[in-house]
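Q: how would this look folded up:
(one chain, ligands or ions: 2)
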Amino acid sequence: MIRHTLNALTRRDFLHGASALSLGVLLGDHLGLQGGEPTPPRLITRTESPINLEFPLTELNRFVTPNDLFYVRNHFPVPALDANTWRLRVEGAVERELTLTLDEIRRMPSRTVPATLECAGNSRALLTPPVRGVQWGNGAVSNAEWTGVSLIDVLNRAGLRPNAVDIVLEGADRGEIASEPRSPGAIHFARSVPLAKARQQDVLLACRMNGAELAANHGFPLRGIVPGWYGVASVKWVTRIIVTDRPYNGFFQSLDYSIYQRPQGLVTVTPLSEMQIKAVIARPSPGERIAPNTAYRVHGAAWTGESEVTRVEVSSDNGRTWSPAQLLENARPNCWRLWEFPWRSPAQAGRVTLLARATDARGNSQPMQRDTDRRTYMINHVLPVDVDVR
Ligand SMILES: Nc1nc2c(c(=O)[nH]1)N[C@H]1C(S)=C(S)[C@@H](COP(=O)(O)O)O[C@H]1N2
Ligand SMILES: [Mo]
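A: Ligands and ions are numbered 1, 2, ... in the order given. Now for the predicted structure:
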């Protein structure tokens, strides 16, 4: 059992920053020691087929999410890909169509980019009335350091034609969406980024995650990483890149993963793209019991799209007053920022609602109300965490 525990410790590498704690505290608190049986923190299963797993947000304690706790969002069964036979096709509005092996990609100049991925449906389970889709709590979000080649370097090897508009990344995974809106039979997962975004050097075709080879669930052997955008744009198991000469209008950015917008009073269906400013509370967890008149470290994470988080505030009086939380470490582009707020629970027992609200460098703040034009996505209004003071 000791060995199991130490393996778990090494694997999760969470001794980082925990030197002040005794091993006993670590085991008891962090591994959830119950009746002598250590249970390492685990992903929360939301659906089994396809597999959808949520990061256990109460375990948030460091900037980088360990690979085995990084949330998983799959639409189809995980494709079995062999690194030796795997190929990447680049085709469409290019000068020369290409077929690349994994070794050819690995020999290209690589870079490492930290980026937070959030599923556009994150926090969906907290909506009232309930909406369809995977019932995520607040944990369909994680942060990792991705290593790979810039997408634009691969595109340049093929040579973009002047009429290139969108870059479609297609995954090897395939299946039929049987619930409304249905797919036209079996389709591949595919999603585009406009050329202007694809030109950014930090948009990657990544083969490593936190220094390790990509796991099957996260897109082995190669996936797109589109920093600042909702996770849906970061296509896993990429085997084909299609450069289009007109805007791409695929299933996963029209019937699915789209929102309504109303430019000039005209309703449009728009693919969702940039992540929205958002803070989540990791602890306390909903319904957590806290003793009266006690010091409590409220903490969590906050992130935004193509900007940086500059402020997080906390309210314990239903939004009447807000106090600044402390932002931990420095802001990194396209990454969440951890924050904490030393709170003292009230002397009187009762239910207390905690709220956190983030603001970014552009002055964007979280709304207090849900916007139904966002359909079942982009849930970033301020969400309450009720705790039980007694
Ligand atoms: N090929 C493929 N890529 C995909 C998906 C998928 O189902 N198939 N899911 C997308 C969605 S909606 C999200 S939120 C992210 C999740 O990435 P992760 O599973 O590594 O956390 O992958 C995206 N890329
Ligand atoms: Mo997603």
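
Q: what helix or strand is residue 61 on?
A: Taking DSSP states H and E as the definition, residue 61 sits outside all helices and strands.

Q: okay, now it: neighbour count?
A: Residue 61 sits with 15 neighbouring residues when counted by other C-beta atoms under 10 Å. For the C-beta atoms, the positions are set from N, CA and C on the backbone; glycine is no exception.

Q: OK, now which residue of the stretch 51-200 of the chain is nearest to ligand 1?
A: Proximity of the stretch 51-200 of the chain to ligand 1 (C-beta to the nearest ligand atom) peaks at residue 171, 2.4 Å away.

Q: how about that residue, secondary structure?
A: strand (DSSP: H, G, I helix; E, B strand; the rest coil).

Q: and residue 225, what does it touch?
A: By C-beta atoms under 8 Å, 6 or more residues apart in numbering, the residues touching residue 225 are 113, 115, 117, 146, 148, 203, 204, 205, 206, 234.

Q: and for residue 373?
A: Residue 373 sits next to 259, 260, 261, 262 when contact means C-beta under 8 Å, 6+ apart.

Q: measure it to residue 135 for me?
A: 21 Å (C-beta to C-beta, to the nearest Å).

Q: re earlier: mark which of the contacts of residue 225 are buried, thanks.
A: 113, 115, 117, 146, 148, 203, 204, 205, 206, 234 (16 or more other C-beta atoms under 10 Å).

Q: pretty sure the fifth one sits in a strand.
A: Yes - counting by three-state DSSP, residue 148 falls inside a strand.

Q: filter the buried ones among the contacts of residue 225 down to the ones close to ligand 1.
A: The subset of the buried ones among the contacts of residue 225 within reach of ligand 1, by C-beta under 6 Å from any ligand atom, is 117, 234.

Q: quick revisit: may I ask which two of the contacts of residue 225 are separated the most?
A: Spatial extent of the contacts of residue 225 (C-beta to C-beta) is set by the pair 117 and 205 at 15.2 Å.

Q: circling back: so can I have JSON lines of the buried ones among the contacts of residue 225 showing secondary structure?
A: Shown next, in JSON lines, are these (three-state DSSP):
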{"residue": "113", "secondary structure": "strand"}
{"residue": "115", "secondary structure": "strand"}
{"residue": "117", "secondary structure": "strand"}
{"residue": "146", "secondary structure": "strand"}
{"residue": "148", "secondary structure": "strand"}
{"residue": "203", "secondary structure": "coil"}
{"residue": "204", "secondary structure": "strand"}
{"residue": "205", "secondary structure": "strand"}
{"residue": "206", "secondary structure": "strand"}
{"residue": "234", "secondary structure": "coil"}
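
Q: which single one of the buried ones among the contacts of residue 225 is nearest to residue 352?
A: Within those, proximity to residue 352 (C-beta to C-beta) peaks at residue 117, which comes in at 31.6 Å.

Q: show the contacting residues for that closest one.
A: Taking C-beta under 8 Å, 6+ apart as the criterion, residue 117 is in contact with 71, 141, 142, 143, 144, 225, 231, 234.

Q: neighbours of residue 259, how many?
A: Around residue 259 there are 18 residues (other C-beta under 10 Å).

Q: tell me what it is bridged to.
A: residue 270 (DSSP bridges).

Q: correct me if wrong: it contacts residue 375.
A: Yes - here residue 259 reaches residue 375: they are 5.8 Å apart, a contact under C-beta atoms under 8 Å.

Q: pLDDT at the residue in the stretch 101-250 of the chain that ligand 2 sits nearest to, what is it?
A: The nearest approach of the stretch 101-250 of the chain to ligand 2 comes at residue 119, 3.2 Å away (C-beta to the ion). Turning to residue 119, the model gives it a pLDDT of 98.

Q: so what's it up against?
A: Contacts of residue 119 (C-beta under 8 Å, 6+ apart): 71, 73, 134, 136, 140, 141, 230, 231, 232.

Q: now these in TSV, with distance to residue 352, pLDDT and neighbour count?
A: Shown next, in TSV, are the contacts of residue 119 (distance: C-beta to C-beta, whole Å; pLDDT from 0 to 100; neighbours: other C-beta atoms under 10 Å):
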residue	distance to residue 352	pLDDT	neighbour count
71	28	98	26
73	32	98	26
134	30	97	19
136	25	98	25
140	26	98	28
141	25	98	26
230	32	98	24
231	32	98	23
232	35	98	24
